[in-house]
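In: Give the three-dimensional model of this entry:
(chains A and B)
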Protein chains: 2
Amino acid sequence: MRDKVLRWCRENAMLSPGQTVVCAVSGGADSVAMLHILCSLREALGVTVSAAHFNHRLRGAESDRDEAFVRKLCDDWGVPLAAASGDAAARARETGESIEEAARNLRYAFFASLGQAVATAHTADDNLETMLLNFLRGTGLTGLGGIPPKRDFLVRPILCCTRQEVLAYLDAHRLPHVEDSTNAADDCVRNRLRHNVLPLLKAENPALAETALRTAQLLRQDDAFLDCLAEAALQTASAGTMAWRCDALRAEPDAVRTRAVRAMLQTIYIPKLSHAHIEAVDRLLFTDDPSARVSLPSSWEARREYGRLCLARTADAATFVPVPLIPGKTIRIPELGLKIRCEFTKNFAKNRPGTFTFACRCDMIGATNGLVVRPRRSGDALRLPGGTKTLKKWFIDRKVPAAQRGLVPVFADDSGVLAVYGLGQNLDCRAAEGEPAILFYIEKECK
Amino acid sequence: MRDKVLRWCRENAMLSPGQTVVCAVSGGADSVAMLHILCSLREALGVTVSAAHFNHRLRGAESDRDEAFVRKLCDDWGVPLAAASGDAAARARETGESIEEAARNLRYAFFASLGQAVATAHTADDNLETMLLNFLRGTGLTGLGGIPPKRDFLVRPILCCTRQEVLAYLDAHRLPHVEDSTNAADDCVRNRLRHNVLPLLKAENPALAETALRTAQLLRQDDAFLDCLAEAALQTASAGTMAWRCDALRAEPDAVRTRAVRAMLQTIYIPKLSHAHIEAVDRLLFTDDPSARVSLPSSWEARREYGRLCLARTADAATFVPVPLIPGKTIRIPELGLKIRCEFTKNFAKNRPGTFTFACRCDMIGATNGLVVRPRRSGDALRLPGGTKTLKKWFIDRKVPAAQRGLVPVFADDSGVLAVYGLGQNLDCRAAEGEPAILFYIEKECK
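Out: Numbering: from 1, shown residues only, chains lettered A, B, ... in the order given. The predicted structure is shown next:
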């Protein structure tokens, strides 16, 4: 298994010499095996290995037992450990996410805050489950690609190994691990698939996890290539801000054109984009009506303006296009002449130099989940000195003209407003000194 | 359901006005519902409807009961019926196919012989099962595309409907049907999936059949487009007969290049082409060894000749590239200067005009399964006046020089030799007057 993982890491250019890789260790079989293998591969890969553990406080004493187990393991093996905790149940109550989503978002925000490559212990069996889950949801080629070997700051060194290989490895090396009692329950779809469906499918093909891994690789290859073509098609067809030439898009093959439409709609950051929306906008390319329109969620619409397809807000007020924020990257909002960068810090120092405007507590926000700069939405609210009010009320208090309100950048994540440019930071998520935080820098650009 | 089928037929340009559509009717729920719906759509679609039934003689009295049921149904509804039968078990014994394969090949050969569009009663549930079966086998994008709405002479008018809709339709119109007792058995993978796995998956997503149908459509669209690009890449890279420029292929994106390699290997008609073969030939494009080779099944090999990738027989003897035959299409063998056409006839007349050389009994051969013109293979045998002998012995008898033998076209299907150009037709499969037959026309081309 060690050699297999080494080959897999090299084939997928997962880690480069000199790098530090942080192993996300829950204490379960998969993550213990991964930590052990990566430690034994330190020299071969030329990397430094550390570990991270996140306590979701969902299973009371069991959660604490797991944390203690991981602390002892890392201590015994001489691996530096970063541990953190967060209340996943509380976050789920606040944001309306499921407990699993909330736990996952807290955990990944913590991982992202470490500012290193983070290795998660997904196996070929996890990939198989993900493919099947996405097949159930009907996600098309993209979802069927399963779990990618690397994405953003995440790498999956043991994705090439089955659960069975992991258990055999632990056994051969007499390694201890803890069991998450919720894995045995049938209360979520993934567990029901794992316990009830997959044994039946594996009875037909005992090597199904390996088969699915290869299938996923092929599908991801096809998917990535088609996405490239769609991106190129959008560039070729571009006809101004949020506008594209219909004839250029119609000339593309179906497979590329429908992907281009999806990519186009993703730029306006519509939550829960459905297949029906993509189809409706695609049909707009072929209509004879030079002013046809399709309503989209979040007060957006797609409309024909003769030979062009345009995306715009339904309200007539001036506004701008939302832009997702990714820690470490700089984005521009050309309509406003702003340049924005956000980044993680492990240890927030109040008097940090630069032009940054605000800093959010990492444990409060879904740092990698829906971080965005966007115009206001109805329902937006935040706490400023003076109390918690809707953004609309704050605008009225501060005498921001109605016609200008659509042009004020709102920094938000899936759980709500983090800050409003010119108004201030939401006090509910302001970072304190010494805490891990996300810093937001805003700069005016010369037009 | 009627309107849904009408829309589906139109969306997929399945039938054109003036056409005759032959419904393949087993007597089961799906095919009875399809026949009833297509009869009711005769005017809306402008088509003539007839029926066909094939008795595989696998279930004794039950098979005969089904045939009688279909005869009475068509009689009652005034639908002309073409019925035929064949011994699937005997064919399976002869050819080494599974019973299901043998039955399917006999049935489709009969359908093909009707020379019309044939409608099969596959439903959205059949598509779901096919997708899942192919996922188990690991077929990549192509297999995950499920059952296409149309292919060759076959159309699937009720592919858009679920099994549940079919049963509700039968119930609402008080239509009778027969049950195939083998459907209840768990002796084949498809039945086990249907009975054990799919109910669990549908508990998670009750609309899974519809979801899978949409997923399949999207995947087929992507697949068809990528295949086009691969075909174009091969043409661009072409460097002589069965040779391609490596630099041109290396310049293609992974997704297109690996498909081009697959398409290249499919032209030499290697049975059971595996993923490992495709990968090995793909690696050949990147090797530094100007004479590297990869052995392929059936005495073929892929080899580098400096900057070219070539496919050739491992034997040094002159030979030609096998070409699959599709009834109704004309193919060329440029190496031999031959033009070959084959077509079905319902009623073979001995003195048919033209230059045709031989005619095969339809019920003897898997007409749509592996029909090919190829060089001889070891083991080839046929009956000619004088007895049944291996082709090698016939060549020796007729004094064909060894160096020429690889250039003699052998007409064959999966079950064996149908005829050898210049030697004669295999007497075991010669068509008699008045029988359905496949006619083979061979013409010399001026070089």
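In: now stretch A:259-277, how far from the centre of its chain.
Out: Relative to the centre of its chain, stretch A:259-277 is centred 16 Å away, using Cα atoms, centre = their mean, to the nearest Å.
In: my bad, should have said stretch A:320-336
Out: Here the centre of stretch A:320-336 is set off from its chain's centre by 16 Å, with Cα atoms, centre = their mean.
In: so where do the strands sit in the stretch 251-400 of chain A?
Out: For the stretch 251-400 of chain A, the strands defined by DSSP state E, counting those that start in this stretch occupy A:293-296, A:300-305, A:308-313, A:323-324, A:330-333, A:338-345, A:356-361, A:372-374, A:381-384, A:387-390.
In: Report all helices and strands that the third one contacts.
Out: Here strand A:308-313 touches strand A:243-245, helix A:246-250, helix A:254-267, strand A:300-305, going by 3 or more Cβ pairs under 8 Å, 6 or more residues apart in numbering or on different chains; DSSP states H and E. Bear in mind the C-beta positions are built from the backbone N, C-alpha and C, glycine included.
In: again, only this time at 7 Å
Out: Strand A:308-313 makes packing contacts with strand A:243-245, strand A:300-305 when contacts are defined by 3 or more Cβ pairs under 7 Å, 6 or more residues apart in numbering or on different chains; DSSP states H and E.
In: In terms of mean pLDDT, which of these ranks lowest?
Out: Of all the helices and strands packed on strand A:308-313, strand A:300-305 carries the lowest average pLDDT, namely a mean of 86.
In: Paired strands for it, with orientation please.
Out: Partners of strand A:300-305 in the sheet, by DSSP bridges, are strand A:293-296 (antiparallel), strand A:308-313 (antiparallel).
In: so can I have TSV of the strands of the stretch 251-400 of chain A showing mean neighbour count and distance to B:Gly78?
Out: Output for those, formatted as TSV (neighbours: other Cβ atoms under 10 Å in any protein chain shown; distance: least, Cβ to Cβ, whole Å):
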stretch	mean neighbour count	distance to B:Gly78
strand A:293-296	17	47
strand A:300-305	19	50
strand A:308-313	20	51
strand A:323-324	16	63
strand A:330-333	15	69
strand A:338-345	19	73
strand A:356-361	21	75
strand A:372-374	22	65
strand A:381-384	18	71
strand A:387-390	13	71
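In: show me the contacts for A:Trp244.
Out: Going by Cβ atoms under 7 Å, 6 or more residues apart in numbering or on different chains, A:Trp244 touches A:234, A:237-238, A:264, A:308-309.
In: what's the most distant pair in the residues you listed?
Out: A:Leu234 and A:Arg308 (13.1 Å; Cβ to Cβ).
In: about what we covered before: of all the helices and strands packed on strand A:308-313, which lies closest to B:Phe225?
Out: strand A:243-245 (19.8 Å).
In: returning to that earlier point: now tabulate the strands paired with strand A:300-305 in TSV and tack on mean pLDDT.
Out: Shown next, in TSV, are the strands paired with strand A:300-305 (pLDDT from 0 to 100):
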stretch	mean pLDDT
strand A:293-296	86
strand A:308-313	86
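In: Kindly reformat those strands as CSV containing distance to A:Pro157.
Out: Listed next are the strands paired with strand A:300-305 as CSV, based on distance: least, Cβ to Cβ, whole Å:
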stretch, distance to A:Pro157
strand A:293-296, 40
strand A:308-313, 40
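In: Tell me which residues are up against stretch A:390-398.
Out: A:376, A:380-382, A:384, A:405, A:417, A:420, A:423.
In: Tell me how far stretch A:125-132 lies from the chain's centre.
Out: 18 Å.
In: helices or strands next to the helix or strand A:Ala419 falls within in the packing?
Out: Assigned by DSSP states H and E, A:Ala419 falls within strand A:416-420. Using 3+ Cβ pairs under 7 Å, 6+ apart, the elements in contact with strand A:416-420 are strand A:381-384, strand A:410-413.
In: Looking at those strands, which is nearest to chain B?
Out: strand A:410-413 (29.0 Å; Cβ to the nearest Cβ).
In: Summarise which helices and strands that closest one is packed against.
Out: strand A:372-374, strand A:416-420.
In: got the residues of the stretch 151-300 of chain A near chain B?
Out: Neighbours of chain B within the stretch 151-300 of chain A, by Cβ under 7 Å from any Cβ of the partner chain: A:189, A:196-197, A:200-201, A:204-205, A:208, A:211, A:214-215, A:218-219, A:221-222, A:225-226, A:253-256, A:275.
In: In helices, which of the residues you listed fall?
Out: If you go by DSSP state H, these have A:189, A:200-201, A:204, A:208, A:211, A:214-215, A:218-219, A:221-222, A:225-226, A:254-256, A:275 in helices.
In: What number of residues are in the vicinity of the closest residue to chain B within the stretch 1-150 of chain A?
Out: Nearest residue of the stretch 1-150 of chain A to chain B, counting by Cβ to the nearest Cβ: A:Gly138, 3.7 Å away. For A:Gly138, the count of nearby residues is 20 (other Cβ atoms under 10 Å in any protein chain shown).
In: Look up how far B:Asn205 lies from it.
Out: Separation of A:Gly138 from B:Asn205 (Cβ to Cβ, to the nearest Å): 8 Å.
In: what residues are shared contacts of the two?
Out: Common neighbours of A:Gly138 and B:Asn205 (Cβ under 7 Å, 6+ apart) are B:Thr211.
In: rewinding a little: what subset of the ones in helices among the residues of the stretch 151-300 of chain A next to chain B is buried?
Out: With burial judged by 16 or more other Cβ atoms under 10 Å in any protein chain shown, the buried subset of those is A:189, A:201, A:208, A:211, A:215, A:218-219, A:221-222, A:225-226, A:255-256, A:275.
In: Can you pull the domain assignment for chain A?
Out: A:2-200, A:238-313, A:323-444 (automatic domain parsing).
In: least reliable of these going by mean pLDDT?
Out: Taking the mean pLDDT of the domains of chain A, domain A:323-444 comes last: a mean of 79.
In: Figure out how far that one is from the centre of its chain.
Out: Worked out by Cα atoms, centre = their mean, domain A:323-444 lies 19 Å from the chain centre.
In: and if you look at stretch A:126-135?
Out: With Cα atoms, centre = their mean, you get 18 Å for stretch A:126-135.
In: hmm, who's touching it?
Out: Residues outside stretch A:126-135 that contact it (Cβ under 7 Å, 6+ apart) are A:143-144, A:146-147, A:159, A:189-190, A:193-194, A:198, A:208-209, A:212-213, A:216.
In: cool, and stretch A:17-31?
Out: By Cβ under 7 Å, 6+ apart, the residues outside stretch A:17-31 that reach it are A:15, A:32, A:34-35, A:38, A:46-53, A:66, A:69-70, A:111, A:114, A:116-121, A:123, A:158, A:166-167, A:170, A:177-178, A:180.
In: Could you list the alpha-carbon positions for that stretch in PDB?
Out: Extracted C-alpha coordinates of stretch A:17-31, given in PDB (Å, rounded to 0.1, in the frame of the first residue of the first chain):
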ATOM      1  CA  PRO A  17       9.700  18.500  -2.400                       C
ATOM      2  CA  GLY A  18      10.200  21.000   0.400                       C
ATOM      3  CA  GLN A  19       6.500  21.300   1.000                       C
ATOM      4  CA  THR A  20       4.700  20.800   4.400                       C
ATOM      5  CA  VAL A  21       1.700  18.500   4.200                       C
ATOM      6  CA  VAL A  22      -0.900  18.700   7.000                       C
ATOM      7  CA  CYS A  23      -2.700  15.400   7.500                       C
ATOM      8  CA  ALA A  24      -6.300  15.900   8.600                       C
ATOM      9  CA  VAL A  25      -6.600  13.200  11.300                       C
ATOM     10  CA  SER A  26      -9.900  12.300  12.800                       C
ATOM     11  CA  GLY A  27      -8.400   9.200  14.500                       C
ATOM     12  CA  GLY A  28     -10.400   6.800  12.300                       C
ATOM     13  CA  ALA A  29      -8.900   4.000  10.400                       C
ATOM     14  CA  ASP A  30      -8.400   5.900   7.100                       C
ATOM     15  CA  SER A  31      -6.700   9.000   8.600                       C
END
